[in-house]
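> sharing a sequence plus its predicted fold:
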Amino acid sequence: MYVDLILISIVVALIFESGFWDSLDEEINKRFKFHHLPHLLRCGYCQTWWLTLLYILITGNLSLFNICICLLIANLNEFWIALIGIVKGYIRMLLSWLSKYI
């Protein structure tokens with residue numbers, strides 16, 4: 001179950017890194033002036049918290065300890081985004097190195 005919670009956190013971080021919510025918010029603001037997406041969708045911390053809490057509710061694992069774990073995992077969102085940036089940098093470096101020899 002805890003691996004699933006971490007995977008939820010990583011998926012949320014990947015979605016935020018892709019810029020999906022920013023693009024969607026921009027489109028909504030273009031069509032309807034002064035309207036934006038709810039903060040729940042524009043905040044990685046909030047989205048991770050509510051999705052992991054919903055997961056432990058659905059799976060029937062609701063306890064005070066698991067709620068604390070959900071809060072801890074929600075705080076990892078910035079860590080995952082930084083880690084994704086580092087991995088992307090190494091992949092770019094590897095691809096540029098490979099392009100020199102191919």
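Sure, I can see it.
> what sits up against stretch 23-32?
If you take CB atoms under 8 Å, 6 or more residues apart in numbering as the criterion, stretch 23-32 is touched by 35, 36, 37, 42. (Each C-beta comes from the backbone N, C-alpha and C, glycine too.)
> which residues are in contact with the last one?
With contact taken as CB under 8 Å, 6+ apart, residue 42 is in contact with 21, 22, 25, 36.
> and the longest helix for this structure?
Assignment by DSSP state H gives helix 77-101 as the longest helix of the chain.
> which stretches of this protein form helices?
For the chain, the helices defined by DSSP H cover 2-18, 20-31, 39-42, 44-58, 64-75, 77-101.
> helices and strands of this protein: which one bottoms out on pLDDT?
Least confident helix or strand, the chain: helix 39-42 with a mean of 71, by mean pLDDT, DSSP states H and E.
> per-residue pLDDT, the nearest residue to residue 85 once chain neighbours are set aside?
Closest residue to residue 85 apart from its sequence neighbours, by CB to CB, 6 or more residues apart in numbering: residue 17 at 7.6 Å. The model reports residue 17 with a pLDDT of 84.
> so residue 17 versus residue 84, what's the distance?
Applying CB to CB, to the nearest Å, the value for residue 17 to residue 84 is 5 Å.
> circling back: next, count neighbours for the residue nearest to residue 85.
Using other CB atoms under 10 Å, the number of residues around residue 17 comes to 14.
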